[in-house]
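> Below: sequence and its predicted model.
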Amino acid sequence: MLNQFIKALPVLFLTAASVDTSAQDNDFEQLSKIAKDTGINFPLNYKISRPRLEYPHWDNDFDIYYNFLTPTLRKTQAALSFTQNGVVTSVTANSIIPHAQLDTTTIVDDPKKFIGTWRMMNVRSIRYNDSVYLPTKTYYRLPDVLLADQSKDEAFAVISDNHFKLYVKETGKSAFKKMISAKYSIENRRFMMMYKLAKASAGVSQIGIDEKGYLVLNSPRVVEEVKKGVYFSYYTVIEQYIFEKIK
């Protein structure tokens, strides 16, 4: 069900409970009767940018993304770490610096371009993994893995100049429900921060619009495994939402 993906969004806590839509419900019902274009192909690496698998390029490419981070974004970060059998594992549930990044070609200079009603075309969970064997500085990349895909469900995002709302009708259900309602701000042209009161507690996603006009919203979580002097392994799981603007 689509709400399994919404649970992964860091902003779910912003909505205490889903509620039935009212005036917009009929609009969404009519819009959802229009068949989606099933011929559109979004590969698992759609608009995903990763470092080159060579030393020292991997580190240099990764470090470029720190230039997009601001003090406001950094305040949202928290990680949990534990050690087992000499391996240190760190988990960041809502990462602003994953190794699998939304491609910078999707950056939007005018945030007003996000305003409108958007129909969900694709929603899925994808795992990306890079690792390096430190003694030889050899890098590896495992095949991308589709963990789940709920693109058959219907959803509409309504974005105003300061609010983000997500309406969902899961397969087999009779009505749309408002699953997310939050204030938002666009930080450094690349991040959407959703919050109720304070930005420090905001959920952060990477957001952009591609050359075809699709809105791409990526919510990453990161797991890093490190065995000192032996290897680093980077796992990024992205909940990816792709929307088409309808009005």
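Yes, it's here.

> Give me the pLDDT for residue 185.
On the pLDDT scale, residue 185 is placed at 94.

> what do you get for residue 90?
Residue 90 is assigned 98 on the pLDDT scale.

> Just read off the phi/psi values of it.
phi -120, psi 130 (degrees, to the nearest 10).

> Which strand or helix spans residue 118?
Applying DSSP states H and E as the criterion places residue 118 in strand 116-133.

> Ok, residue 31 next?
helix 23-32.

> Any buried residues in the strand holding residue 118, and which?
Buried residues in strand 116-133, counted by 16 or more other CB atoms under 10 Å: 117-132. C-betas here are computed from N, CA, C, even on glycine.

> Tally up the residues packed near residue 67, please.
7 (other CB atoms under 10 Å).

> which one of the buried residues of strand 116-133 is nearest residue 111?
Checking the buried residues of strand 116-133 against residue 111 with CB to CB, the nearest one is residue 118 at 14.3 Å.

> State the distance from residue 218 to residue 246.
According to CB to CB, to the nearest Å, residue 218 stands 21 Å off from residue 246.

> Which one's more surrounded, those two?
Legend: neighbour count by other CB under 10 Å for residue 218 and residue 246, higher for residue 218 (24 against 12).

> Is the more buried one bridged to anything, and to what?
For residue 218, the beta-bridge partners are residue 206, residue 240 (DSSP bridges).

> wait, isn't it in contact with residue 239?
Yes: between residue 218 and residue 239 there is a contact under CB atoms under 8 Å: 7.4 Å.

> which residues sit in contact with the closest residue to residue 57 other than its chain neighbours?
Spatial nearest neighbour of residue 57, chain neighbours left out: residue 51 (6.6 Å); criterion: CB to CB, 6 or more residues apart in numbering. Residue 51 makes contacts with 57-62, 99, 130, as judged by CB atoms under 8 Å, 6 or more residues apart in numbering.

> neighbours of residue 217, just the number please.
Neighbours around residue 217, by other CB under 10 Å: 24.

> Offset the numbering so it begins at 4, please.
OK, 4 is where the count begins now, so the last one is residue 220.

> Per-residue pLDDT of it, please?
For residue 220, the model assigns a pLDDT of 97.

> any idea how far the closest residue to it other than its chain neighbours is from residue 187?
What sits nearest to residue 220 in space, not counting adjacent residues and going by CB to CB, 6+ apart, is residue 244, at 4.3 Å. Look at residue 244 and residue 187: by CB to CB, they are 14 Å apart.

> try residue 156
For residue 156 relative to residue 187 (CB to CB), the value is 22 Å.

> just residue 194 next, same as before
Using CB to CB, one gets 10 Å for the distance from residue 194 to residue 187.

> Just give the closest residue to residue 161, not the sequence neighbours.
residue 168 (4.6 Å).

> Looking at the one you found now. What's its pLDDT?
In this model, residue 168 is scored at 92, pLDDT.

> that's a strand at it, yeah?
Yes: counting by DSSP: H, G, I helix; E, B strand; the rest coil, residue 168 is located in a strand.
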